[in-house]
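Participant: Fold the following and give me the result.
(one chain, ligands or ions: 1)
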Amino acid sequence: GTPYMVWSCVPLPSSSIPPQISEAFQKKVQNKIKDLLQQMEEGLKTADPHDFSTYTGWTGIALLYLQLHRVTCEASHLQRALDYVKRTLRILNGRKVTFLCGDAGPLAVAAVVHHRLKNQTESQECLTKLLQLQRGVVSTDSEMPDELLYGRAGYLYALLYVNKEIGPDTVDETTIARVVTAILESGKNMAKEEKKAEKCPLLYEWHKKQYVGAAHGLAGIYCMLMQPSAKVNQEVLSELVRPSVDYVRHKKFRSGNYPSSLSNETDRLVHWCHGAPGVVHMLIMAHKVFKDEKYLKDAVECGEVIWQRGLLRKGYGICHGTAGNAYSFLTLYQLTQEKKYLYRACKFAEWCLDYGTHGCRIPDRPYSLFEGMAGAIHYLSDLTQPESSCFPAFEL
Ligand SMILES: [Zn+2]
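Facilitator: Numbers count the residues shown, from 1 in each chain. Next comes the predicted model:
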């Protein structure tokens, strides 16, 4: 069968869309958040005690509570976030460096939680440890990949995250520049090796495959390089990043979707990790940075593919689930202010409100941020304030 559900409702024309989310719907969403939170807490009692990651472990749960604190200002959420980050700090293992899967995630999130609680000493301790991880990241002869889940771009995200949440100079410009340079050098070398420097000046692979999507591929890496706070200079952006983004654009399927890797010709996956729901964020960043309508046009096309094929049998999560796909509508809404996208975001949220009733596959870590319930709750809470929504561990 197809990996996605066929949407059974007839999409309404944009003229019939109410100007904002109705109070009744807001209420429904808020009640569901409470209900799901309870289920999540219950389910987490049997979760892997050693998984500290943002992706499937305790840092992801801490990040969800930080988000709930941001949206509701309830102090109990911040306290919960603290409980979870404390747990993570005891079990770090120094094996990986990224925000999503490595030590940088717990350290960055703990620094932010302690900062919010005005525990400056503890916050600073976490930042110091976070910065100590850079040695392995910037060394050019290391085996370190560049993608978001396990590579340099995932460490860069952690630095930009603390600068956004704590203050713009929390991590100094020199450190950020060093990490950016390592990512650029690695991409230039790979492009040269593969004799693609003309077409795609920044090329990356993970496990010997040139992935396209946000999690393991080019789109995720280019997204980080285009972040204004990464301070990549204009010349590098226009001469290296822009042609590389255009190279990915040209890999678009006729449907408007994108392949999972450069060597893959099958138009199948519509996930944040592989396909249009991840690539759309790269296109939107490119539109903001290069001010060219063609990027917006492709992003809008991604929005259509996600609307048609984005309700996934894989579940409700963020990485390869309905909530992650729904974030693309919120991002498109923020950019265009078109109500159509808010409507679509609500329709995907409706799907999440019926959590567990569609016969979807149950993920391995069913309560986690990137695979499971915590991700759906994160999305629902962002929908209550769509103007300030932010895809966790990815958008800034
Ligand atoms: Zn995934």
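Participant: For the stretch 101-250 of the chain, give me the ranges with low pLDDT.
Facilitator: Within the stretch 101-250 of the chain, the ranges that satisfy pLDDT under 70 run 141.
Participant: Can you show me the strands along it?
Facilitator: Ranges of strands in the stretch 101-250 of the chain, per DSSP state E, counting those that start in this stretch: none exist.
Participant: all helices for it, in order.
Facilitator: Secondary structure of the stretch 101-250 of the chain by DSSP state H, counting those that start in this stretch: the helices cover 104-116, 120-132, 134-138, 152-165, 173-193, 218-226, 234-236, 242-249.
Participant: Tell me the helices and strands packed up against the host helix or strand of M40.
Facilitator: Using DSSP states H and E, M40 sits in helix 23-44. Applying 3 or more C-beta pairs under 8 Å, 6 or more residues apart in numbering; DSSP states H and E, one finds that helix 23-44 contacts helix 58-72, helix 339-353, helix 373-383. Placement of C-beta: from N, CA and C, glycine included.
Participant: is it true that G94 touches D103?
Facilitator: Yes: using C-beta atoms under 8 Å, G94 is in contact with D103, at 6.2 Å.
Participant: For those two, work out which one has more neighbours and name it.
Facilitator: Comparing G94 with D103 by other C-beta atoms under 10 Å, the one with more neighbours is D103, at 26 against 10.
Participant: what sits against V280?
Facilitator: A299, C302, G303, I306, S328, T331, L332 (C-beta atoms under 8 Å, 6 or more residues apart in numbering).
Participant: Take those and write them to a markdown table, including pLDDT, neighbour count and distance to E265.
Facilitator: Conversion of these to a markdown table gives the following (pLDDT from 0 to 100; neighbours: other C-beta atoms under 10 Å; distance: C-beta to C-beta, whole Å):
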| residue | pLDDT | neighbour count | distance to E265 |
| --- | --- | --- | --- |
| A299 | 98 | 24 | 23 |
| C302 | 97 | 27 | 19 |
| G303 | 97 | 25 | 23 |
| I306 | 96 | 30 | 21 |
| S328 | 97 | 30 | 23 |
| T331 | 97 | 23 | 28 |
| L332 | 96 | 26 | 27 |
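Participant: quick one: contacts for C200?
Facilitator: So C200 contacts A191, P243, S244, Y247 (C-beta under 8 Å, 6+ apart).
Participant: swap the cut-off to 6 Å and go again
Facilitator: Listed by C-beta atoms under 6 Å, 6 or more residues apart in numbering, the contact set of C200 reads A191, S244, Y247.
Participant: Repeat that for K252.
Facilitator: Y258.
Participant: tally of neighbours for A177?
Facilitator: Neighbours of A177 using other C-beta under 10 Å come to 14.
Participant: ok, for it, nearest residue in space, not its chain neighbours?
Facilitator: K231 (7.0 Å; C-beta to C-beta, 6 or more residues apart in numbering).
Participant: measure the one you found to the ion for me?
Facilitator: 29 Å (C-beta to the ion, to the nearest Å).
Participant: Could you do F391 as well?
Facilitator: For F391 relative to the ion (C-beta to the ion), the value is 13 Å.
Participant: next one: S76
Facilitator: S76 is 31 Å from the ion, by C-beta to the ion.
Participant: so what does the host helix or strand of that residue touch, helix or strand wise?
Facilitator: According to DSSP H and E, S76 maps onto helix 75-89. When contacts are defined as 3 or more C-beta pairs under 6 Å, 6 or more residues apart in numbering; DSSP states H and E, helix 75-89 sits against helix 58-72, helix 104-116.
Participant: Save these as JSON lines, and put in distance to the ion and mean neighbour count too.
Facilitator: Listed next are the helices and strands packed on helix 75-89 as JSON lines, based on distance: least, C-beta to the ion, whole Å; neighbours: other C-beta atoms under 10 Å:
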{"stretch": "helix 58-72", "distance to the ion": "14", "mean neighbour count": "24"}
{"stretch": "helix 104-116", "distance to the ion": "17", "mean neighbour count": "27"}
